[in-house]
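Trainee: Pasting a predicted model and its sequence here:
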Amino acid sequence: MSFDYNLFVIGGGSGGVRAARVSAGMGAKVALAEESRMGGTCVIRGCVPKKLMVYASGFREGFVDARAYGWELGETAFDWSAFSGKLRTELDRLEGVYRGLLDGSGVEIFDQRAKLADAHTVELADGTTKTAKHILVATGGRPVRPDVPNAHLGMVSDDIFLLETLPKSILIVGGGYIACEFACILNGLGVQVTQYYRGAQILRGFDGEARGLVADMMRGQGIDLHCGTNIVEMCPPGERGGHAISGGPDMGPTEAADTADGPHDGPVWVKATNGREQTFDAVLFATGRAPNTAGLGLEDLGVALGRRGEIEVDEYSQTGVPSVYAIGDVTGRVQLTPVAIREGMAFAETVFGGRPTPVDHDLIPSAVFTQPELGTVGLTEEDAREQEPIEVYTASFRPMREAFAGRSDRVLMKLVVSKESRKVLGCHIVAPEAGELIQLAGIAVKMGATKEDFDRTVAVHPTMAEELVTMRTPVRTA
Ligand code: NDP
């Protein structure tokens, strides 16, 4: 049987674009459909614009420190419209780069929605159909709002990048990556930030000590962080004390991002589980993301979906329908851009390179871009303790740069070590640029370095990270 293409990719995010390019480079005839902007969540409404906002927001403390270091500065002020205009131009440029990379690899692009018609056929929004030997679903995920009345009054992370003006005050709901990163970013940009997290401590799943320090530092910067707290009621201030707006959309947790008219503009009155009532200029829900699997024709084809709608795949990213593969956030494995890219490359190796390549999801380093950042690889102390006897090494101190500027910021360097094998099971860093540091520490941990390997490495002085190789005595064993 002959097909129009060897591979049809649905979704032009980081994973889909990489899989398409690498497959085309291996000689496959490839097409890719994207209904929105090329680049997907990471480039258009995630990692890239977020990181540029992190940089923008960091200047506030930078100006304070500069004065402490003897610089004379005049009045400083942040101009959101100047920044966001430049941000939009940069994202346009990056989208062009992605498009150019696909073109340059010979991938045919369809700027429209696509769904699966059968195991080898894709139907485009204009009604045309294309056949392919293999179909790769890389449609990513989207932010979801919680199931509270009037939830449509709150923004989701996608909306932040499109704001015309910055709110004066904002309530951020959630305690994960996105909630904590935006709390720090917006606080740095001068927005009065309140954060409600339903659990006992933010950043569930990360090392307990590291979470505690990040929370302390966020509070120290002026973020009004309340744990064990959630929204019970929200409405425009004129309707306070009442109930959900009659006729308002009844949004379930998976339908959230579809606010056709854009985000609600105007203040929101919120009542919290702790009884606190307050009006905020804006509310941001950072309450998790859901895979984009609705309306793709997957169920009709017999592709198995998990409880949250994620596509179930094996270690080669293959679904139960042999010609259909899936990579990235739509599979609900590890929701990180570099992981989606790895999965895309492993797919190409397996299907077009003739080398079956499973994806290694073990010991993935990652960073939360709070201020300071939290970098992590391997097991938390809490998880390691459950697994085997361990030693814990920590150094928590005021770094030289901040101490000189008169700030009380602390950093944390932490190693969790196996008592028996001596391997470093986990490394956790809370510090400025921890994302950069953990990338390098991640190599050693992935190689199976022991505590003694760390100790044999000569310190780079004076740095914060030198503490990673100079901690001689465990602070505790368990
Ligand atoms: P997370 O799953 O990390 O966090 C969701 C947060 O919302 C949790 O604190 C959760 O609480 C809370 N929550 C969920 N449902 C409700 C509810 N109904 N009411 C109140 N709170 C609720 O999701 P994010 O959206 O922050 O990020 C999604 C993924 O994107 C991350 O897991 C990460 O993989 C990726 N990401 C990575 C980044 C990076 O690498 N720097 C940056 C941003 C995103 P609880 O803990 O109790 O479940």
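Mentor: Sure, I can see it. Residues are numbered from 1 along each chain as shown.

Trainee: give me the element residue 117 is part of.
Mentor: Using DSSP states H and E, residue 117 sits within strand 114-118.

Trainee: Now that strand - C-alpha only, CSV.
Mentor: Output of strand 114-118 as CSV, limited to C-alpha atoms (Å, rounded to 0.1, in the frame of the first residue of the first chain):
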residue,chain,number,x,y,z
ALA,A,114,-5.8,17.7,12.0
LYS,A,115,-7.4,14.6,13.4
LEU,A,116,-7.1,10.9,12.9
ALA,A,117,-9.7,9.4,10.4
ASP,A,118,-8.2,5.9,10.6
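
Trainee: Let me know the next secondary structure element after that strand.
Mentor: strand 121-124.

Trainee: can you list the residues that contact that following strand?
Mentor: Contact with strand 121-124 is made by 8, 10, 33, 110, 112-117, 129-132, 135, 297, as judged by C-beta atoms under 8 Å, 6 or more residues apart in numbering. Where you see a C-beta, it was placed from the backbone N, CA and C, and this is true even at glycine.

Trainee: now, among those, which is nearest to the ligand?
Mentor: Relative to the ligand, the closest of the contacts of strand 121-124 is residue 10; by C-beta to the nearest ligand atom it sits at 20.5 Å.

Trainee: Point me to the residue of this protein nearest the ligand.
Mentor: Closest point on the chain to the ligand, by C-beta to the nearest ligand atom, is residue 176, at 2.1 Å.

Trainee: measure that residue to residue 287 for me?
Mentor: 8 Å (C-beta to C-beta, to the nearest Å).

Trainee: contacting residues around residue 407?
Mentor: Residues in contact with residue 407 (C-beta under 8 Å, 6+ apart) are 61, 65, 398.

Trainee: low-confidence ranges in the chain?
Mentor: 241-263 (pLDDT under 70).

Trainee: Just give me the longest helix of it.
Mentor: If you go by DSSP state H, the chain has its longest helix at helix 80-104.

Trainee: hang on, the earlier thing: got a list of what the residue of the chain closest to the ligand touches?
Mentor: By C-beta under 8 Å, 6+ apart, the neighbours of residue 176 are 202-204, 286, 288.

Trainee: Could I get the full set of strands for the stretch 151-300 of the chain?
Mentor: Using DSSP state E, counting those that start in this stretch, the strands found in the stretch 151-300 of the chain span residues 169-173, 192-197, 224-227, 231-235, 268-272, 277-280, 282-285, 289-291.

Trainee: For my notes, please list those strands in JSON lines and give distance to the ligand and mean neighbour count for each entry.
Mentor: Output for the strands of the stretch 151-300 of the chain, formatted as JSON lines (distance: least, C-beta to the nearest ligand atom, whole Å; neighbours: other C-beta atoms under 10 Å):
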{"stretch": "strand 169-173", "distance to the ligand": "6", "mean neighbour count": "24"}
{"stretch": "strand 192-197", "distance to the ligand": "6", "mean neighbour count": "24"}
{"stretch": "strand 224-227", "distance to the ligand": "10", "mean neighbour count": "17"}
{"stretch": "strand 231-235", "distance to the ligand": "7", "mean neighbour count": "20"}
{"stretch": "strand 268-272", "distance to the ligand": "11", "mean neighbour count": "21"}
{"stretch": "strand 277-280", "distance to the ligand": "16", "mean neighbour count": "15"}
{"stretch": "strand 282-285", "distance to the ligand": "8", "mean neighbour count": "26"}
{"stretch": "strand 289-291", "distance to the ligand": "5", "mean neighbour count": "23"}
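
Trainee: so which of those strands comes closest to residue 75?
Mentor: Proximity to residue 75, assessed across the strands of the stretch 151-300 of the chain by C-beta to C-beta, is greatest for strand 192-197 (20.1 Å).

Trainee: chain center to that closest one: distance?
Mentor: Put simply, strand 192-197 sits 19 Å off its chain's centre (C-alpha atoms, centre = their mean, to the nearest Å).

Trainee: What lies in contact with it?
Mentor: So strand 192-197 is contacted by 168-175, 179-180, 183, 186-187, 202, 218, 222-231, 272, 278, 280 (C-beta under 8 Å, 6+ apart).

Trainee: who does that strand pair up with?
Mentor: Strand pairing for strand 192-197, using DSSP bridges, gives strand 169-173 (parallel), strand 224-227 (parallel).

Trainee: show me the contacts for the residue lying closest to residue 174 once chain neighbours are set aside.
Mentor: In space, and not counting its chain neighbours, residue 174 is closest to residue 286: 3.7 Å by C-beta to C-beta, 6 or more residues apart in numbering. Counting by C-beta under 8 Å, 6+ apart, residue 286 touches 143, 156-157, 172-174, 176, 178-179, 182.

Trainee: among the residues you listed, who's most crowded?
Mentor: Using other C-beta atoms under 10 Å as the neighbour criterion, residue 172 leads these with 30 neighbours.

Trainee: what sits against that one?
Mentor: 179, 182-183, 186, 193-196, 283-284, 286.

Trainee: interface residues of the stretch 251-400 of the chain facing the ligand?
Mentor: Neighbours of the ligand within the stretch 251-400 of the chain, by C-beta under 6 Å from any ligand atom: 286-289, 335-336, 366-369.

Trainee: Now which of those residues would you call buried?
Mentor: 286-289, 335-336, 366-369 (16 or more other C-beta atoms under 10 Å).

Trainee: Mind picking the two most distant members of these?
Mentor: Maximum pairwise distance in those, criterion C-beta to C-beta, is 21.0 Å, between 287 and 367.

Trainee: Would you check that residue 68 makes contact with residue 406?
Mentor: Yes. Counting by C-beta atoms under 8 Å, residue 68 does reach residue 406; the two are 5.6 Å apart.

Trainee: Which residue comes closest to residue 365 once chain neighbours are left out?
Mentor: Nearest-residue entry for residue 365: residue 442, 3.4 Å, with adjacent residues in sequence omitted and distances by C-beta to C-beta, 6+ apart.

Trainee: neighbours of that neighbour, just the number please.
Mentor: Neighbours of residue 442 using other C-beta under 10 Å come to 19.

Trainee: Can you give the contact residues for the helix or strand harbouring residue 18?
Mentor: Residue 18 is part of helix 14-25, with elements assigned from DSSP H and E. Residues outside helix 14-25 that contact it (C-beta under 8 Å, 6+ apart) are 6-7, 9-10, 30, 32, 34, 38-40, 42-43, 98, 101-102, 105-107, 136, 138-140, 327-328, 337, 340-341, 343-345, 347-349, 351-352.

Trainee: for it, which positions count as buried?
Mentor: Within helix 14-25, the residues scored as buried using 16+ other C-beta under 10 Å are 14-24.

Trainee: Which residues are in contact with residue 48?
Mentor: 39, 42, 91, 94.

Trainee: thought the third one was touching residue 44?
Mentor: Yes. In this structure, residue 91 sits in contact with residue 44. The criterion is C-beta under 8 Å, and the distance is 6.0 Å.

Trainee: what touches both of these two?
Mentor: By C-beta under 8 Å, 6+ apart, residue 91 and residue 44 have these common neighbours: residue 37.
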